[in-house]
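Chemist: Task: produce atomic coordinates for the following.
(2 chains)
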Amino acid sequence: MATVYKDTVTGRFIDNSSPKLGRISTAASSDSIERLVKIVKESKAIIERHKNDPNPDNRS
Amino acid sequence: MIPIQTIEAEQLKDKYIFLDNDFLGIIFEDEELLKSSLTFIDGYRVIDGFTRIEFLRDVWLPEIREKKEQFLNSELFFPVSEHQELFKQTRENAIELSRLYAHNNPGRKGGVSTVDLLLAGTLMFYRKSILVTGNKKDFPSCIFDTIGVLNFEQKDGHMRAISFVQFNSDKFEACKLAYAQVPNLNGAH
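Modeler: Below you'll find the predicted structure:
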């Protein structure tokens, strides 16, 4: 049986049985994925740049 | 040993799909896996508040922390409701699960981390939810079902498995019953 709580902050109802998706699309668009890929690549570049940092604390 | 079925993308549709820190860490470092796994996981991808803390903690470089925050704020990840009643329930679930874990695996040193216990308590609350984790051992088979596994080859050539885990209420009730029958030192049940 589903349990439903009312969120006193947002007024929304929380249902534990399944998400109420309405018109929200859960499919990952290629644009959204590309934005994440860009973040991952930038993060790798930052780590690479810091690998040669003279301060060992800054290398990770 | 139970052979694991291949999971179909259709099984994940219209479900809460919780992503754990281990899995997030893997896709944060591997853009190919990120692309393929997030396309495959077409459900309500959720990151729990405690998982968020785990993912962001212990980051030395402010630039990396910023990137990690941008990553978590992607529209591909949906917010999870944070409600006082829900937390109370999750906490009680976590305590109950920890007792059952200990009963089913008394030899295990260290136990399951608090964050994973709370995540397990959350999975118990959202009964139709699925957890995507690289750390299956913290969601024991005495209570959770592994409904599928995603295998991938790491850059160093090693194979790695990502499990899709689901709370099983029948197993939970059976464990609870077994626990209730453990005699205590006073002789009472």
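Chemist: which residues does B:Asp30 contact?
Modeler: By CB atoms under 8 Å, 6 or more residues apart in numbering or on different chains, the contact list for B:Asp30 reads A:40, B:154-155. For every residue, glycine as well, the C-beta is placed using N, CA and C.
Chemist: Name the member of those with the most neighbours.
Modeler: In terms of neighbours by other CB atoms under 10 Å in any protein chain shown, the contacts of B:Asp30 top out with A:Val40 at 18 neighbours.
Chemist: The one helix or strand it maps to near chain B anywhere?
Modeler: A:Val40 belongs to helix A:30-50 when elements are defined using DSSP states H and E. Yes: Helix A:30-50 comes into contact with chain B (CB under 8 Å from any CB of the partner chain), by way of A:32-33, A:35-37, A:39-44, A:46-47, A:50.
Chemist: and the residues you listed as TSV, adding pLDDT?
Modeler: Formatted as TSV, the residues of helix A:30-50 next to chain B follow (pLDDT from 0 to 100):
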residue	pLDDT
A:Ser32	87
A:Ile33	90
A:Arg35	93
A:Leu36	94
A:Val37	94
A:Ile39	96
A:Val40	95
A:Lys41	95
A:Glu42	95
A:Ser43	94
A:Lys44	92
A:Ile46	91
A:Ile47	87
A:His50	82
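Chemist: Tell me the one of those nearest B:Leu177?
Modeler: Nearest to B:Leu177, judged by CB to CB, of the residues of helix A:30-50 next to chain B is A:Leu36 at 44.6 Å.
Chemist: Tell me the spacing between the nearest residue to that closest one once chain neighbours are set aside and A:Arg35.
Modeler: Closest residue to A:Leu36 apart from its sequence neighbours, by CB to CB, 6 or more residues apart in numbering or on different chains: B:Ser74 at 5.5 Å. Look at B:Ser74 and A:Arg35: by CB to CB, to the nearest Å, they are 7 Å apart.
Chemist: Which pLDDT does the model give the spatially most central residue of chain B?
Modeler: In chain B, the centroid-proximal residue (CA atoms, centre = their mean) is B:Leu131; its distance is 4.4 Å. The model reports B:Leu131 with a pLDDT of 96.
Chemist: In the sheet, which residues pair with it? Tell me.
Modeler: Judged by DSSP bridges, the bridge partners of B:Leu131 are B:Phe18, B:Val165.
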